[in-house]
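Trainee: output the structure for:
(2 chains)
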There are 2 protein chains.
Amino acid sequence: MTLAATTLPEALAEVAEDIDRRFAELLADPGDPRASLYAAMRHAAIGGGKRLRPLLVFATAHLFAVDRNCAGWVATALEAIHVYSLIHDDLPAMDDDDMRRGKPTVHKAFDEATAILAGDCLHALAFEILADPSTHADPFVRSELILDLARASGPSGMAGGQQMDLEAERQTFDLATVTRLQQMKTGALISAAVEAGAILGRVPPEGRTHLRGYAHDLGLAFQIADDLLDVEGDEAAAGKKLRKDQDAGKATFLSLLGVERAREQCRMLVAQAIEHLRDYGPEADLLRAIAAYVVERDR
Amino acid sequence: MTLAATTLPEALAEVAEDIDRRFAELLADPGDPRASLYAAMRHAAIGGGKRLRPLLVFATAHLFAVDRNCAGWVATALEAIHVYSLIHDDLPAMDDDDMRRGKPTVHKAFDEATAILAGDCLHALAFEILADPSTHADPFVRSELILDLARASGPSGMAGGQQMDLEAERQTFDLATVTRLQQMKTGALISAAVEAGAILGRVPPEGRTHLRGYAHDLGLAFQIADDLLDVEGDEAAAGKKLRKDQDAGKATFLSLLGVERAREQCRMLVAQAIEHLRDYGPEADLLRAIAAYVVERDR
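Mentor: Residues are numbered from 1 along each chain as shown, chains lettered A, B, ... in the order given. Purely as a prediction, here's the structure:
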C-alpha cells in the first residue's frame, strides 16, 4: 500500500502531509550563514500547492504495490523540481509574480539572489534524493528515475517549454505549437511523475504504453483547465495573480479555441485519459479520480 | 589512455577541444522557438574557460585507464554544472557582472530570463548526461557519479557556498568561515571532478583518501590563487572584472592573511596536494602539473 487513503480528498490531504514532513526534514535550518537560503526553500516547498505530481507518483506506484517510503522520496524529488521551477518562473525577469500559493513569492519574501539560489538548490536536491541508495536500493532504478526527471525538466521538457512560453509573448503561435509548448512546460513533469511510479513498479518500457497515454491526456487536460481557471477563476482561491496571459495577448488553448470548445476538449481528454486505464481494476480508481478532479478543481 | 597529451599545455588544449566538441553536439540549434535558449547555452559553454574541472576528471581517470569517451561525457557534465553556476552568479541580482571569459555575460548578450533558463537547462543536462546508459553502462557507477555531483553542487556544496558568499557582504567572516565558504563554493566541485575520475576507475571509497586529500588542498590553493589574481591580475587577461571583493569590503583569504602569507599558504597547499600523490608513479604527473599550474597561472 502506498497510501492509506481511499478517497481523493483523503489522498490529497495524506500526500500533502507526507511531502511537507519530508521537506521539513530535508530543509531543516542548518544553523549557519545559509539559514535564509533554507528558510527560502521551506517557504516555497512546505504548506502549499495541490501536490498533484507527488499524488501521481503515489497513485501510479499504488498499482504495483511499491514501498510507501520509497514512493514518498521519489514524489518529493518530483515536487522539488516543480517548486524550483515556480520560484524561477516568478522572478521579475520571468513572469514577475508577487503571490504564489497565497503567499508572497520567494523573491518578495526574501530577495532575488536568494530566490535564484533556493531554486538551484531544490533542483540539485531532487537529483541528490533520487541518487541516494536509501531512496531505492537498486542503482538501475535510481538511474532510470534520474534520466526520466532530467529529461522532463531540461531543455526538451519543462525549461524548454518555459522558454517557448516567453517567446509566445513575442510571436503568435498556432494550436500545434501551443500544444507542444504546453506538453513541454507542464505535461513533461506530469508524465515524469506517472513514469516514475511505473519505474518504481519495475514495469518495463513496453508495458507503460497505457500509463503514458493517461499521463499525456491528463497533462493537456490539466493545462486547458488551468487556462479556464486563469480566465474564470478567483484570485483569492488560486492564491496567485490571474488573467496575465490574456493581458499579454499570448496565444493559449483558450484564445485559440474559445471557452466552450476548450471546455469540451478538456472533458474529452479526461475521458480519454480514464479510458487508457481500462486494463486496470479498482487499484487505478485513484488515478481515475485524479483525472476527474482536474476538470472540477477551483485552483 | 584518457588523453593523448603528455604536457600540461597540450592537455589543456586537448581537453578544451574535446569539451567544446561535446557541447556543440549537445547544444545544436533545435530549429524551433527554443533557438535563443540553445544559442545562450552555446555562448556560455563553448570556447572559453580553463576547463580545470574537466581536466581533473580526465587526469584522475587517466590513473585508472578509464575509457576516453566515458571520461569525456562525465567531464562535460561537471563543466555544465560549472557553466550554469557562472551564468546564474553573473546575474544582476547576484554578482552583476557584464563580462565573463572575455565575452559579454549571458544576460547581457541575451536577456535575464534566457540566462536564468539557460542555467537551469545546463543544470538538468548535466544529470541527463550522467544518467544516460551511453555515458556508462553500469547503473551503479552512473548513480554514484550523480550523487557525487548533486551533493557537490547543491546547498551543502557550490550553491550553499554562493549563498554564504552573498552573506559575506553583510557580515564579516573569520578565517575558519571563509575557508568553509570557499571549500563549498569552489572546492566542492573541484573535489567532485577528482572523485568522478576515481568513481570511473572503480576505486572503492576507502581507496580514495589520497585523491580526496589532493583535491581538498588543490581547491583551497586554487581559491587563494584566485584571490591573488583578483588583486594583482590584469582584467584583459582574466576576461572579467577584478577587485570586486576588495571594493565590497568582503573578507577573503587575502584580506585576512595579507598578500605575503596568502602566497605562502598557497605554495604550501600545492606542495601538500602533490605530496598526497606520492603512492602514484608517472601516471599522476598530469595531476602534479595541474597543482603547480594553479599557483603559476595568470587567469
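
Trainee: switch to C-alpha atoms for all contacts and neighbour counts from now on
Mentor: Noted.

Trainee: how many residues are close by the residue in the stretch 151-299 of chain A positioned nearest to chain B?
Mentor: Residue of the stretch 151-299 of chain A nearest chain B, by C-alpha to the nearest C-alpha: A:Gly154 (4.9 Å). By other C-alpha atoms under 10 Å in any protein chain shown, 26 other residues sit near A:Gly154.

Trainee: again, but for A:Lys108
Mentor: Residues lying near A:Lys108 (other C-alpha under 10 Å) number 16.

Trainee: that one contacts A:Asp96, correct?
Mentor: No - look at A:Lys108 against A:Asp96 with C-alpha atoms under 8 Å: they stay out of range, at 10.1 Å.

Trainee: can you report phi and psi for A:Ala28?
Mentor: Backbone geometry at A:Ala28, expressed as degrees, to the nearest 10, gives phi -60, psi 150.

Trainee: residue contacts, the nearest residue to it once chain neighbours are set aside?
Mentor: Distances taken as C-alpha to C-alpha, 6 or more residues apart in numbering or on different chains put A:Tyr38 closest to A:Ala28, at 7.0 Å, once the chain neighbours are dropped. Contacts for A:Tyr38 (C-alpha atoms under 8 Å, 6 or more residues apart in numbering or on different chains) come out as A:27-30, A:118.

Trainee: so A:Tyr38, which of the three states?
Mentor: Judged by DSSP: H, G, I helix; E, B strand; the rest coil, the three-state class of A:Tyr38 is helix.

Trainee: list the contacts for A:Ser85?
Mentor: Taking C-alpha under 8 Å, 6+ apart, we find A:Ser85 in contact with A:119, A:159.

Trainee: so what's A:Ala71 up against?
Mentor: Applying C-alpha under 8 Å, 6+ apart to A:Ala71 gives the contacts A:2, A:57-58, A:61, A:197, A:200.

Trainee: how far away is it from A:Pro133?
Mentor: 14 Å (C-alpha to C-alpha, to the nearest Å).

Trainee: show me where the stretch 1-150 of chain A has its helices.
Mentor: Counting by DSSP state H, counting those that start in this stretch, the stretch 1-150 of chain A has these helices, from start to end: A:8-26, A:35-45, A:52-62, A:68-89, A:106-109, A:112-131, A:139-153.

Trainee: out of those helices, nearest to B:Ala271?
Mentor: If you check each of these against B:Ala271 by C-alpha to C-alpha, helix A:112-131 wins as the nearest, at 33.4 Å.

Trainee: just the CA trace of that closest one, in PDB.
Mentor: C-alpha atoms of helix A:112-131 as PDB (Å, rounded to 0.1, in the frame of the first residue of the first chain):
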ATOM      1  CA  GLU A 112      16.100  37.800  -5.800                       C
ATOM      2  CA  ALA A 113      19.500  36.400  -5.200                       C
ATOM      3  CA  THR A 114      18.200  34.100  -2.500                       C
ATOM      4  CA  ALA A 115      15.300  33.100  -4.800                       C
ATOM      5  CA  ILE A 116      17.700  32.100  -7.700                       C
ATOM      6  CA  LEU A 117      19.800  30.100  -5.300                       C
ATOM      7  CA  ALA A 118      16.900  28.500  -3.500                       C
ATOM      8  CA  GLY A 119      15.600  27.300  -6.900                       C
ATOM      9  CA  ASP A 120      19.100  26.000  -7.900                       C
ATOM     10  CA  CYS A 121      19.300  24.100  -4.500                       C
ATOM     11  CA  LEU A 122      15.900  22.400  -4.800                       C
ATOM     12  CA  HIS A 123      17.000  21.500  -8.400                       C
ATOM     13  CA  ALA A 124      20.100  19.800  -7.100                       C
ATOM     14  CA  LEU A 125      18.400  18.200  -4.100                       C
ATOM     15  CA  ALA A 126      15.900  16.500  -6.400                       C
ATOM     16  CA  PHE A 127      18.700  14.500  -8.000                       C
ATOM     17  CA  GLU A 128      20.500  14.000  -4.700                       C
ATOM     18  CA  ILE A 129      17.300  12.300  -3.400                       C
ATOM     19  CA  LEU A 130      17.000  10.100  -6.400                       C
ATOM     20  CA  ALA A 131      20.700   9.100  -6.500                       C
END
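
Trainee: the most centrally placed residue in chain A: what's it in contact with?
Mentor: Taking C-alpha atoms, centre = their mean, the centroid of chain A lies closest to A:Arg53, which sits 4.3 Å from it. Residues in contact with A:Arg53 (C-alpha under 8 Å, 6+ apart) are A:75, A:78-79, A:189-190, A:193.

Trainee: measure the spatially closest residue to A:Phe140 that is not a sequence neighbour to B:Phe64 for me?
Mentor: Of all residues not flanking A:Phe140 in the chain, B:Pro139 sits nearest, at 5.0 Å (C-alpha to C-alpha, 6+ apart). Distance, B:Pro139 to B:Phe64, by C-alpha to C-alpha: 19 Å.

Trainee: next one: A:Ala59
Mentor: For A:Ala59 relative to B:Phe64 (C-alpha to C-alpha), the value is 45 Å.

Trainee: who has more neighbours out of the two?
Mentor: A:Ala59 (26 against 18).

Trainee: mind listing what the more buried one touches?
Mentor: Applying C-alpha under 8 Å, 6+ apart, the residues near A:Ala59 are A:2, A:197, A:284, A:286-287.

Trainee: switch these over to TSV; also include secondary structure, pLDDT and neighbour count.
Mentor: What follows is the contacts of A:Ala59, written out as TSV (DSSP: H, G, I helix; E, B strand; the rest coil; pLDDT from 0 to 100; neighbours: other C-alpha atoms under 10 Å in any protein chain shown):
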residue	secondary structure	pLDDT	neighbour count
A:Thr2	coil	81	20
A:Gly197	helix	98	27
A:Ala284	helix	97	17
A:Leu286	helix	96	22
A:Leu287	helix	98	28
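
Trainee: of the residues you listed, closest to A:Leu125?
Mentor: A:Leu125 lies nearest to A:Gly197 out of the contacts of A:Ala59, by C-alpha to C-alpha, at 19.3 Å.

Trainee: what's the closest non-adjacent residue to that closest one?
Mentor: Distances taken as C-alpha to C-alpha, 6+ apart place A:Ala61 nearest to A:Gly197, at 4.3 Å, with adjacent residues excluded.
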